[in-house]
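Student: kindly generate the corresponding structure for this input.
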Amino acid sequence: MRSILLPVAVFVLDQITKGLVERTVPNGAVIPVLGGSVQISRVYNPGSALGVLPTARIPIAVSCIVLLAWIIVVVQGIDKRLGENFRRGAGLVVGGAAGNLIDRIRLGSVIDFIDLRVWPVFNVADIAVCVGAAILVYSLVTGNPGGRSSK
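Tutor: Coordinates of the predicted model:
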């Protein structure tokens with residue numbers, strides 16, 4: 001059950017923030033925050049990650065595979081053997097993938113709204129996927145997917 005909480009929390013936070021942006025930020029408007037170093041703007045991204053590749057077929061297929069794999073891992077109880085770091089990283093990736101997948105199914109594109117002005121516009125799901133992937137890679141490269149001290 002614990003393995004489901006993080007992806008669900010990421011998914012819910014992602015959908016709430018996108019809903020707020022959809023309801024309060026007019027399309028094309030820019031709202032400066034943090035002294036203008038960050039902007040909030042509503043952008044519909046029909047492409048894959050960071051706006052590259054204008055078709056969404058690949059991100060949808062990858063998201064479905066990630067979600068199905070995670071469901072199998074949790075149902076089989078394999079997640080309990082993978083360790084806490086690995087579960088956290090995977091949970092972030094799955095929650096983010098689900099958030100963007102729902103947008104693609106519902107709208108045909110993903111709602112992005114965080115604009116650093118030096119990077120493509122992104123959203124909470126994108127942050128979760130990137131942080132989760134970094135945790136997964138780190139835990140696998142260090143040979144310590146569970147986060148336990150090696151003795």
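Student: flag the shaky bits of the chain, pLDDT-wise.
Tutor: Across the chain, the ranges flagged by pLDDT under 70 are 1-2, 48-60, 74-76, 78-81, 144-151.
Student: what residues does the lengthiest strand in it touch?
Tutor: Counting by DSSP state E, the longest strand found in the chain is strand 38-45. Applying CB atoms under 8 Å, 6 or more residues apart in numbering, the contact partners of strand 38-45 are 21-22, 25-33, 51, 107, 109-117, 121. In short, each C-beta sits where N, CA and C put it, glycine included.
Student: now, the residues you listed that are in strands?
Tutor: 30-33, 110-115.
Student: farthest-separated two in these?
Tutor: Pro32 and Val110 (22.7 Å; CB to CB).
Student: quick one: which of the two has more around it?
Tutor: Per other CB atoms under 10 Å, whichever of Pro32 and Val110 has more neighbours is Val110, with 27 against 13.
Student: re the thing from before, by neighbour count, which of the ones in strands among the contacts of strand 38-45 wins?
Tutor: Val110 (27 neighbours).
Student: run through the bridge partners of that one.
Tutor: Taking DSSP bridges as the rule, Val110 bridges to Asn45.
Student: that one and Tyr138, how far apart?
Tutor: 26 Å (CB to CB, to the nearest Å).
Student: still on that earlier bit, could you export the ones in strands among the contacts of strand 38-45 as CSV, including distance to Val66?
Tutor: Listed next are those as CSV, based on distance: CB to CB, whole Å:
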residue, distance to Val66
Val30, 32
Ile31, 32
Pro32, 34
Val33, 31
Val110, 15
Ile111, 20
Asp112, 19
Phe113, 23
Ile114, 22
Asp115, 26
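Student: spatially central residue for the chain, please.
Tutor: With distances taken as CA atoms, centre = their mean, Gly96 lies nearest the centre of the chain, 2.3 Å away.
Student: I'd say that residue and Ala125 touch.
Tutor: Yes - assessed by CB atoms under 8 Å, Gly96 is found in contact with Ala125 at 3.9 Å.
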